[in-house]
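Trainee: please find the sequence and the predicted model below.
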Amino acid sequence: MNDKTYKNAGVDLELAAKVKSSMTPSVLSTHNSQVLNTLGSFGAMFELKGFNQPVIVSSTDGVGTKLKLAVELDSYDTLGEDLVNACVNDIVVCGAKPLFFLDYIAVNKLDDSVVSKLIRGMSKACLDVNCALIGGETAQMPGIYKDKDFDMAGFVVGAVEKKQILNPSNVKEKDIIIGFPSNGLHTNGYSLVRHALSIEKNPEILNKYYDDLGQTLGEALIKPHISYVESVLSVLPYIKSAAHITGGGLIENIPRALPSNLSAKIDLLAWEVPSIFNIIKLEGNISNDEMYKVLNMGLGMVVVCDGKMEDKILSSVVGSVVVGNISKRIGEKQVLF
């Protein structure tokens, strides 16, 4: 019998077909009348409706080394939410509504249970923001990935009316900065955490229960990335700019919502930093500067507005809080604590 087959090389086409079939109901649940073709086509088609002067906004992202944590915990249910929300949050800071999403998953060996959980998570997150999961690719790549290792990336396309685009150039001195709360690390900083806590050498730390968290460290770290689409769109008429606090933390991301001649003055006492960050800092012996340079520290999104709009935003977004204001830039730093 000839063993020179694709399956023996590590690529199981029959299993791939089975996985695609099993994920179809989840994916189709996200489709609306603007999706013009069915799954399986070489290209996905989407009809743009409801805009007068639409500007297309797109973004791509991954989940980073949070994937390693998921493999260690054997927990894959929320990674799809992580992927979608990391992407849609990046376009909503322009004022854009997410329209459709595509994914790419690359694995060593196909595990239908894992892939199905990833797709279900994406479908859930897409439904939450009225975004169609319109297509994707699952690639079996033995030799590139080993054992249970895999990678995933997402691609989102949205649209915004040209006159509603959020523009940092509109930010003025004395404007107010309002923060929206995070529920943890979201999808950034896991390489630092894994290194500082020596998780690969000491994986049992993930099972350690903390009273301050009300759960284990692993359960707190695997929490899914929050979507801020509904929150930002609900206050769109009241804000001038916004920043999604991802890799680089407050220090690198807030300047992306400011003109170059202004700075953000942030009051570190304005919000309560969630316990997970304090535990990471102490257990990992990480400096305060490094924490704020890498992690979101409890703020997953910040928006800038005129002071007259402050109350409208605070009353619209649960947990939002004034965290600072805009001042004239003096020196190199654009974020002052």
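Mentor: Cool, got the structure. Numbering: from 1, shown residues only.
Trainee: and Lys14, how far from Glu81?
Mentor: Lys isn't right for residue 14; it's Glu. For Glu14, the distance to Glu81 equals 29 Å [Cβ to Cβ, to the nearest Å]. All C-beta spots, glycine's among them, are computed from the backbone N, C-alpha and C.
Trainee: same deal with Leu102?
Mentor: From Leu102 to Glu81 the distance is 16 Å (Cβ to Cβ).
Trainee: quick one: which of the two has more around it?
Mentor: Glu81 (25 against 19; other Cβ atoms under 10 Å).
Trainee: the stretch 151-300 of the chain: strands as residue ranges?
Mentor: 176-181, 209-210, 215-216, 241-244, 262-266, 299-305 (DSSP state E, counting those that start in this stretch).
Trainee: and the residue at minimal distance from the centre of the chain, helix, strand or coil?
Mentor: In the chain, the C-alpha closest to the average C-alpha coordinate belongs to Ala86, at a distance of 1.7 Å (Cα atoms, centre = their mean). Secondary structure, DSSP: H, G, I helix; E, B strand; the rest coil: Ala86 is helix.
Trainee: name the nearest residue to it, sequence neighbours excluded.
Mentor: Asp61 (4.4 Å; Cβ to Cβ, 6 or more residues apart in numbering).
Trainee: the helix or strand where the one you found lies pairs with which strands, and in what direction?
Mentor: Counting by DSSP states H and E, the element that carries Asp61 is strand 54-62. Applying DSSP bridges, strand 54-62 is found paired with strand 150-161 (antiparallel).
Trainee: quick one: average pLDDT of the strand it pairs with?
Mentor: Mean pLDDT, strand 150-161: 98.
Trainee: and stretch 23-33, by the same measure?
Mentor: Mean predicted lDDT for stretch 23-33 stands at 91.
Trainee: quick one: it to chain centroid distance?
Mentor: Offset of stretch 23-33 from its chain centre (Cα atoms, centre = their mean, to the nearest Å): 21 Å.
Trainee: what lies in contact with that stretch?
Mentor: Stretch 23-33 has contacts (Cβ atoms under 8 Å, 6 or more residues apart in numbering) with 39, 47, 115-116, 119-120, 123, 126-127, 130-134.
Trainee: what do you get if the cut-off is 7 Å, keeping everything else the same?
Mentor: Here stretch 23-33 makes contact (Cβ atoms under 7 Å, 6 or more residues apart in numbering) with 39, 116, 119-120, 123, 126-127, 131-133.
Trainee: in ChimeraX, how would I select just the buried ones from those residues?
Mentor: Buried residues within the contacts of stretch 23-33, by 16 or more other Cβ atoms under 10 Å, are selected in ChimeraX with:
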select :39,116,119,120,123,126,131,132,133
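Trainee: okay, and which of the contacts of stretch 23-33 map to helices?
Mentor: 116, 119-120, 123, 126-127 (DSSP state H).
Trainee: make a markdown table out of those residues and add pLDDT.
Mentor: Listed next are the ones in helices among the contacts of stretch 23-33 as a markdown table, based on pLDDT from 0 to 100:
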| residue | pLDDT |
| --- | --- |
| Ser116 | 94 |
| Ile119 | 96 |
| Arg120 | 96 |
| Ser123 | 97 |
| Cys126 | 98 |
| Leu127 | 98 |
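Trainee: now flag whichever of these is closest to Lys174.
Mentor: Cys126 (39.0 Å; Cβ to Cβ).
Trainee: closest one to Pro203 among the strands of the stretch 151-300 of the chain?
Mentor: strand 215-216 (12.0 Å).
Trainee: for the closest one, what is the distance to the chain centroid?
Mentor: Distance of strand 215-216 from its chain centroid, counting by Cα atoms, centre = their mean, is 22 Å.
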